[in-house]
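# Fold the following and give me the result.
(chains A and B)
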Number of protein chains: 2
Amino acid sequence: MLSTASEKASFARLLTDLGDLVHVERGETIYHPGSASTSVFVVEKGRVKLAYLDESGKKLTLSILDQGEIFGEMCLVGEKFRRHLASAVDDTILRCVPRKEFTDAISTDLDGLQQLVRHFALRMREYEETLEDLAFRDIQARLSRQLLKLSDEYGVATKEGILIGFPVTHKELADMIGSARENTTLALNRFEREGILNKSRYRIVIKNEAGLRQKIQVQQ
Amino acid sequence: MLSTASEKASFARLLTDLGDLVHVERGETIYHPGSASTSVFVVEKGRVKLAYLDESGKKLTLSILDQGEIFGEMCLVGEKFRRHLASAVDDTILRCVPRKEFTDAISTDLDGLQQLVRHFALRMREYEETLEDLAFRDIQARLSRQLLKLSDEYGVATKEGILIGFPVTHKELADMIGSARENTTLALNRFEREGILNKSRYRIVIKNEAGLRQKIQVQQ
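Here you go, the predicted model:
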């Protein structure tokens, strides 16, 4: 029915011709917590980051979304105001589909609904894993899992090792694992000393994936 | 399309006559992490707890499910083995629907699919809130939010205040907020001293909801 969990739900084909295309530059905000929740967005090109911001400004990255994925979809189930910060990781083209238009297109479309089920199921699984990380794993283990995930999804093979295929700062990594920037840098420095990775400004190359995997296990 | 988020998705009506009914006693395990993921369960009566167990035996309660709710649904999107521990909170009757039977019944049923979308969306929202709690809130704030949630969903008005409508131990509360039992007891004792609640064995009565709400704010 819903194919396998490894396959990301793609809405690009399904929603062609709906809504409007919007260009967003790298780093630009798409919506803030508290803004009206009235549209669903489809990533047509580029990459988007969803993050939770607490009142004091601390940030937790919830998800990074690629081409074909949707976000802002909680307006479909009654959300009135955005709860997250959505921003463009790269220069990005979005399809912005008003809630009603999205609903009309998809609520009588078996394929569309199945896709939506898959989308939510996968996002839920992603959140589950982050929850388990936050509840049970120390920073080195969380960082290792995050780096393996980035390597798996965005890795580019180079002579040196697997390059994470987009620029990422220590602060951004810290937000992905719910940690402070300082502690994340300490862990990265340690991994570099141990020959697990090379890092320079915005650039991380993983030299020893097995070493990262071991960091996740070693804690138990 | 999908009604509002406050309305829990109920599958009881939709799946009548499918699968088999199973009786599970309070405290009994329904499935373990690692067991084969082959069926979806519907809570016909009673209450079920889903928890994540790490290898060292630490536990994080992910969700408490009531009548009409489903669980084990990740088998629909390719899950081969259970990742959680499911156990009965009360004496419980479950409808156990084999994956294929569930899929056949629901994949061509617009109502059913919409319900499934709503189910996943609500579960995702629940996980988001737990994530934010774990990343940003201290134990007192997490405990306050959890008590308000239990009071909202299972509260029974009494002369004394709002009684959480099922027996709950300090350890169970600790698992719900991803904390150690000792720290949870310390926070409960403090709340009792401050006149926010009364507690006795397995029984919690909230006397001052506003006091709990304040505990969530005060941190910022």
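
# which is the next helix or strand following the longest helix along chain A?
As assigned by DSSP state H, the longest helix anywhere in chain A is helix A:110-136. Counting by DSSP states H and E, the element after helix A:110-136 in chain order, helix or strand, is helix A:139-154.

# Now the helix or strand containing A:Ala210: buried residues?
Remark: A:Ala210 resides in helix A:209-217, with elements defined by DSSP H and E. Judged by neighbour count using 16 or more other CB atoms under 10 Å in any protein chain shown, the buried positions of helix A:209-217 are A:Glu209, A:Leu212, A:Lys215, A:Ile216. Bear in mind the C-beta positions are built from the backbone N, C-alpha and C, glycine included.

# In space, not sequence, find me the middle residue of chain A.
Closest to where the C-alpha atoms of chain A average out (CA atoms, centre = their mean) is A:Ile64, at 1.6 Å.

# Quick check: beta-bridge partners of the nearest residue to that one once chain neighbours are set aside?
Once flanking residues are discounted, A:Ile64 sits nearest to A:Lys49: 5.4 Å by CB to CB, 6 or more residues apart in numbering or on different chains. Bridge pairing for A:Lys49 (DSSP bridges) gives the partners A:Ile64, A:Ser87.

# Relative to A:Asp152, how far out is A:Lys49?
Separation of A:Lys49 from A:Asp152 (CB to CB, to the nearest Å): 17 Å.

# ok now stretch A:35-52, how far from the chain's centre?
11 Å (CA atoms, centre = their mean, to the nearest Å).

# Return the set of buried residues in it.
By neighbour count, with 16+ other CB under 10 Å as the criterion, the buried positions of stretch A:35-52 are A:37-52.

# quick check: mean pLDDT across that stretch?
Averaged across stretch A:35-52, pLDDT comes to 95.

# Contact partners for the closest residue to A:Arg145 other than its chain neighbours?
Take A:Arg145 and drop its neighbours on the chain: the residue closest to it by CB to CB, 6+ apart is A:Ile216, 5.7 Å away. By CB atoms under 8 Å, 6 or more residues apart in numbering or on different chains, A:Ile216 lies in contact with A:Arg137, A:Ala141, A:Ser144, A:Arg145, A:Leu148.

# mind running it again at 7 Å?
Residues in contact with A:Ile216, defined by CB atoms under 7 Å, 6 or more residues apart in numbering or on different chains, are A:Ala141, A:Ser144, A:Arg145.

# same deal with A:Pro33?
A:Leu53, A:Arg82, A:Arg83, A:His84, A:Leu85.

# And what about it, helix, strand or coil?
Applying DSSP: H, G, I helix; E, B strand; the rest coil to A:Pro33 yields a three-state assignment of coil.

# Doesn't A:Leu94 lie inside a strand?
Yes - the assignment for A:Leu94 (three-state DSSP) places it in a strand.

# Is it bridged to anything, and to what?
A:Val22, A:Val43.

# ok, so what distance separates it from B:Leu62?
Taking CB to CB, one finds A:Leu94 at 32 Å from B:Leu62.

# thinking again about what came up before, orientation of the helix holding A:Ala210 relative to helix A:110-136 in degrees?
70 degrees (axes from the mean of the first three to the mean of the last three CA atoms, to 10 degrees).

# Can you list the low-confidence ranges for chain A?
Where chain A drops to pLDDT under 70, the residues are A:1-9, A:218-220.

# coming back round to it: out of the buried residues of helix A:209-217, which is nearest to A:Glu192?
Closest approach between those and A:Glu192, by CB to CB: A:Leu212, at 12.4 Å.

# quick one: contacts for the closest one?
Neighbouring residues of A:Leu212 by CB under 7 Å, 6+ apart: A:Ser144, A:Leu147, A:Leu148, A:Ile196, A:Ile206.

# The first one reaches A:Gln214, doesn't it?
No - the pair A:Ser144 / A:Gln214 is not scored as a contact, 8.2 Å apart, by CB atoms under 7 Å.

# Now list whatever residues contact both of those two.
With CB under 7 Å, 6+ apart, A:Ser144 and A:Gln214 have no common neighbours.

# Quick check: A:Gly161 vs A:Leu212, distance?
From A:Gly161 to A:Leu212 the distance is 11 Å (CB to CB).
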